[in-house]
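> My questions are about this predicted structure, shown below with the sequence.
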Amino acid sequence: MKGFAPVLTICCAMALLVQNSAAQQLTRYQYVFPKPGSTYVSKETNIILRPGKVIDQSSVTATLIRVQGSQSGLHRGTMILSDDQRTMVYNLWAPLFENERVSVDVAPGLRAIDGTAIGGVSFRFATSVSPPASSPVQSDFQPPAASFPGGPGEQRAFVAPGDSLPADFPPLRVDTVNNPAPGELFIGGFTGVVGGTATYANYLIVADNKGKPLAYKRIGMLVNPFDYMFKEDPTGLYSYIDRTPTETNIRIVDSTFKQIDTYPKGNPATASHADFLLLPNGHALVLYFDVKTIDMSKIVQGGNPAASVMGNLIQEFDINKNVVFQWSSFDYLAITDTYEDTLAASSNRHMSEITKVDRNTGDILWRMGGKKNQFTFVNEHPENSPLYFSYPHHIQRLANGNIIFFDNGNQRKTKYSRVVEYRLDETNKTATLVWEYRHTPDIYASGQGSVQRFPNGNTLIGWGDASLLGQTAITEIHADNTLAFELTLPMGYRSMRVYRLPWKSTAPTATYTRYEMLQGNTYSFSDTTASSRTGVRVKFNEMTTIPYNSMTVQRFGIAPVAPQFAGRSPWMASQHVTLSQFGIGTLNADIFFDGTMITAATAPDRITVYQRETISAGMFSPLSTTYNSLRNEVVATTSKLGEFIFCWSDTDTLASVPKMISPTDKDSVNQKLPLAFVWNPRGSVTGYQLQVAFDSSFTTLVLNDSLLTLPTDTLKNIVSGRKYYWRVRARNYGQMSSWTAISRFTTIAPYIALTSPSGREAWQRGNQ
């Protein structure tokens, strides 16, 4: 109820009653946005509701929700059910007002797909004040004349031998080449000098290991605009962010740099893009710099009453670009956790912290580093204690479960940057340093920086803004930390991140065709050459054919185009396989996929193969899938050909602890009736374990059910006048969450208590 103190003061009893009721309602919802009680919400927000159940679409209607601003009044909008069939989005037709209180009330009426009723929910939040709009920063610097027809705005998707480059194109100097990993270099080069001058323009660059540009596109000069985060997406297309002092845009382009798509900007009144990640399942995650006007005098002594404070906003877009998840640092992280001057703008990076957030619920799972560190560091350098890393960039989870990131090292006494890899024990909260790379001589990047680990063990490092001073811009090292590649950009030039990725990867990586196949036989669609190694075998259990039939298998190293699913989108490998035929009618076949060729999956035995009949269009459906550990093959049974992908559950950690609903702690229950236990899942869950006992140590169990699949169970035989204790935990693909807190209740004889009127009221005629 933060921000509503006058209500509590004037009408305490009623406010407490409403608050308890709202809390009971909220426990039945897995996630709502805005976060109840939040005070820094954009006036252009949407409303997101996730009950945690598959929703009957026929019950989803905008008439169930009421959004009322204290100044702007009642708001109408459009209610949308997302592609996961669990999340509802209410998009307002008109923005809210700044600095107003907003109430959201959802009436009963929603139904789950199994017909059960989903209760209503009510919550409150307040909108923020937008910061003053900044003015565009213009440069009077005129780029030199280009050395090719068409001027400096021309782009080249392919640079022919002897092709002259534009005069404002930055020279790329390769210093070392010693067996680097496969792929080309992706550089989003810019100067970004506010009010300064520059010799070279801002370019998207794809270059080979000799520093030769294979493709390029001129974006602008100085800050009007500049580009960053240039990389290949899982679909084989490419994305980058272009930015001016007043706006940013996410652009999706093909290999000719033709724009194919864009993504909308979340909360456009206050936010600008900071990072973009397109997921293989068609969803997208976007990170924003989120600037709010905040009265800092209420937070720190002497604070500016109208300070501009920078936070972080994360949004997830579904396949139809509905915002289905939002997470604001203002809701979860105290501004005073920053190491910067609290009178100045700051971002989450300035907390020297890595924060793990549950993408289903928005809850913080843990905080590593910074003022609120929860981890013990092992095998680290004691001279850097307590801030072993500071102002980091580009945190990633590796296939082995470790995390790797670029440690800028701003707060170290001796200024140097490095790349570090930690092995985490997320239960006991330990972070063990297992690998690091520190350049010789030291390189220090006060901002930006990136890291990329390759399957062959090599690691690519982008040194961020260190290249502004003429230091090395890109380093690639082997697993033994010896140099594999180094490149230098001209002084005053930088790339926020660098990547080594395949260029023009939409072509199949392998193709194999077989002819005249017969029922009952098993055929391999691979040979020893890389261009024919699809990693697929097919056993034709049943089939009708004509003579001279054929089947072609193609493997692609990219995700499929526009994947659609009937329910929640799973994680998937950035790969797909197509099977096409000639002369084959009906069939029943087992398809064997080589497990070593399915990348990114946590374990092949957790993979489910999905298939759609029309290649590049339509909905994927799961197939009956098994795993052959002796041959390391994922086996799917199908009666149709088409496009095949490899998916698994979107959880990589322990299941989240459920929320207990009833009976509530210290409750009294009717000893003559069976007692129903109810809880709510948080995150992706496959089952539960419930324990009920006569003692808080749970040695005398009266109910211990570990095979529950629904969030409820019933104790049928109740002892009169006894105190009971209960707890529950969730299961997710064999992994168990921690137990909930222990809740207790007492069985008593049934009674009716009159609560209102109490007998002391004076009633006025006409009132109810």
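Noted; the coordinates are in hand. All values derive from a computational prediction rather than experimental measurement. Numbers count the residues shown, from 1 in each chain.
> where exactly do the strands run in the stretch 601-750 of the chain?
Assigned by DSSP state E, counting those that start in this stretch, the strands in the stretch 601-750 of the chain fall at 608-612, 619-622, 624-628, 633-638, 642-648, 659-662, 667-670, 675-680, 687-693, 701-708, 712-715, 723-732, 735-736, 743-748.
> Which of these comes out lowest on mean pLDDT?
Across the strands of the stretch 601-750 of the chain, strand 735-736 has the smallest mean pLDDT, namely a mean of 76.
> That one pairs with which strands?
strand 723-732 (antiparallel) (DSSP bridges).
> So which bits of the partner strand are buried?
Neighbour counts using 16 or more other CB atoms under 10 Å place 724-732 of strand 723-732 among the buried residues. C-beta here means a position set from N, CA and C on the backbone, and glycine is covered the same way.
> which among these gets closest to residue 259?
residue 732 (39.9 Å; CB to CB).
> Specify the beta-bridge partners of that closest one.
Beta-bridge partners of residue 732, as defined by DSSP bridges: residue 735.
> Could you find the closest non-adjacent residue to the residue nearest in space to the middle of the chain?
Nearest to the geometric centre of the chain sits residue 285, at 5.0 Å (CA atoms, centre = their mean). Residue nearest to residue 285 in three dimensions, not counting chain neighbours: residue 277, with 4.5 Å by CB to CB, 6 or more residues apart in numbering.
> What's the mean pLDDT across the host helix or strand of that neighbour?
Element membership for residue 277 (DSSP states H and E) is strand 271-278. The average pLDDT for strand 271-278 rounds to 88.
> So which other helices or strands are in contact with it?
strand 238-243, strand 248-253, strand 284-294 (3 or more CB pairs under 8 Å, 6 or more residues apart in numbering; DSSP states H and E).
> ok, and what's touching the second one?
Think strand 248-253. Strand 248-253 is touched from outside by 233, 237-243, 259-263, 265, 272-273, 276, 278, 286, with contacts defined as CB atoms under 8 Å, 6 or more residues apart in numbering.
> One more: the first one?
Defining contact as CB under 8 Å, 6+ apart, one finds that strand 238-243 is touched by 188, 204, 219-220, 223, 225-233, 248-255, 272-273, 275-276, 278.
> what about residue 459, neighbour count?
Using other CB atoms under 10 Å, residue 459 is surrounded by 21 other residues.
> For it, give me its contacts.
With CB under 8 Å, 6+ apart, residue 459 has these contacts: 404, 419, 437, 451-453, 476-477.
> What are the boundaries of the strands in the stretch 151-300 of the chain?
In the stretch 151-300 of the chain, the strands defined using DSSP E, counting those that start in this stretch lie at 155-156, 173-177, 184-190, 202-207, 213-220, 226-232, 238-243, 248-253, 259-263, 271-278, 284-294.
> where exactly do the strands run in the stretch 1-150 of the chain?
31-33, 47-50, 65-69, 73-75, 77-81, 88-92, 101-106, 110-111, 117-118, 121-126.
> Burial-wise, tell me which of the ones you listed comes out on top.
Mean neighbours per residue, mean count of other CB atoms under 10 Å, is largest over those for strand 31-33, with a mean of 24.
> Tell me how far that strand lies from the chain's centre.
16 Å (CA atoms, centre = their mean, to the nearest Å).
> picking that back up, quick one: which of the strands of the stretch 601-750 of the chain is nearest residue 554?
strand 642-648 (9.8 Å).
> now the angle between strand 624-628 and that closest one, please.
Here the directions of strand 642-648 and strand 624-628 differ by 70 degrees (axes from the mean of the first three to the mean of the last three CA atoms, to 10 degrees).
> Now do strand 642-648: everything it contacts.
With CB under 8 Å, 6+ apart as the contact definition, strand 642-648 has outside contacts at 281, 559-560, 563, 570-573, 575-579, 591, 593, 598, 601-603, 606-616, 620, 622, 634, 636.
> and among the helices and strands packed on strand 271-278, the most buried is which?
Most buried of the helices and strands packed on strand 271-278 by mean neighbour count (mean count of other CB under 10 Å) is strand 238-243; its value is a mean of 23.
> who does that strand pair up with?
strand 226-232 (antiparallel), strand 248-253 (antiparallel).
> Could you dump these into JSON lines and include distance to residue 318 and mean pLDDT?
Converted to JSON lines, the strands paired with strand 238-243 look like this (distance: least, CB to CB, whole Å; pLDDT from 0 to 100):
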{"stretch": "strand 226-232", "distance to residue 318": "21", "mean pLDDT": "91"}
{"stretch": "strand 248-253", "distance to residue 318": "16", "mean pLDDT": "92"}
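> Tell me which of the ones you listed sits nearest to residue 521.
It's strand 226-232; of those, that one is closest to residue 521 (CB to CB) at 38.9 Å.
> Pull the distance from that closest one to the chain's centre.
On the basis of CA atoms, centre = their mean, strand 226-232 sits 19 Å off its chain's mean C-alpha point.
> sorry, back to before: who wins for proximity to residue 122 among the strands paired with strand 238-243?
Going by CB to CB, the one of the strands paired with strand 238-243 nearest residue 122 is strand 248-253, 34.9 Å.
> what angle do the closest one and strand 284-294 make?
Using the same axes, to 10 degrees: strand 248-253 against strand 284-294 is 170 degrees.
> how about the CA coordinates for strand 248-253, as PDB?
Coordinates of each C-alpha in strand 248-253 appear next as PDB, following Å, rounded to 0.1, in the frame of the first residue of the first chain:
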ATOM      1  CA  THR A 248      16.000   4.400 -30.500                       C
ATOM      2  CA  ASN A 249      14.800   1.700 -32.900                       C
ATOM      3  CA  ILE A 250      15.200  -2.000 -33.200                       C
ATOM      4  CA  ARG A 251      15.700  -3.000 -36.800                       C
ATOM      5  CA  ILE A 252      15.600  -6.500 -38.300                       C
ATOM      6  CA  VAL A 253      17.300  -6.800 -41.700                       C
END
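> now that strand against strand 259-263, angle please.
Going by the same axes, to 10 degrees, strand 248-253 makes 140 degrees with strand 259-263.
> So in that sheet, which strands flank the lengthiest strand in the chain, and in what orientation?
Counting residues, the longest strand in the chain under DSSP state E turns out to be strand 536-556. Strand 536-556 has the following strand partners under DSSP bridges: strand 510-515 (antiparallel), strand 522-524 (antiparallel), strand 576-594 (antiparallel).
> how near is residue 508 to residue 553?
Shown here: residue 508 relative to residue 553, a distance of 9 Å by CB to CB, to the nearest Å.
> Which one of the two is surrounded by more residues?
Per other CB under 10 Å, whichever of residue 508 and residue 553 has more neighbours is residue 553, with 27 against 18.
> correct me, but that one touches residue 537?
No. Between residue 553 and residue 537 there is no contact under CB atoms under 8 Å: 9.5 Å.
> residues touching residue 553, list them.
Contacts of residue 553 by CB under 8 Å, 6+ apart are 511-513, 525, 534, 536, 538, 577-579.
> Show me which of these is closest to residue 680.
Proximity of those to residue 680 (CB to CB) peaks at residue 577, which lies at 38.9 Å.
> Report the beta-bridge partners for the nearest residue to that closest one once chain neighbours are set aside.
Take residue 577 and drop its neighbours on the chain: the residue closest to it by CB to CB, 6+ apart is residue 644, 4.7 Å away. Per DSSP bridges, the residues bridged to residue 644 are residue 577, residue 611.
> now residue 668
Applying DSSP bridges, one finds that residue 668 bridges with residue 746.
> quick one: it and residue 746 touch, right?
Yes. Between residue 668 and residue 746 there is a contact at 5.3 Å, judged by CB under 8 Å.
> Quick check: pLDDT value at the residue lying closest to residue 44 once chain neighbours are set aside.
Nearest residue to residue 44, sequence neighbours excluded (CB to CB, 6+ apart): residue 95, at 4.7 Å. For residue 95, the pLDDT comes out at 94.
> For residue 95, give its distance to residue 63.
Taking CB to CB, one finds residue 95 at 21 Å from residue 63.
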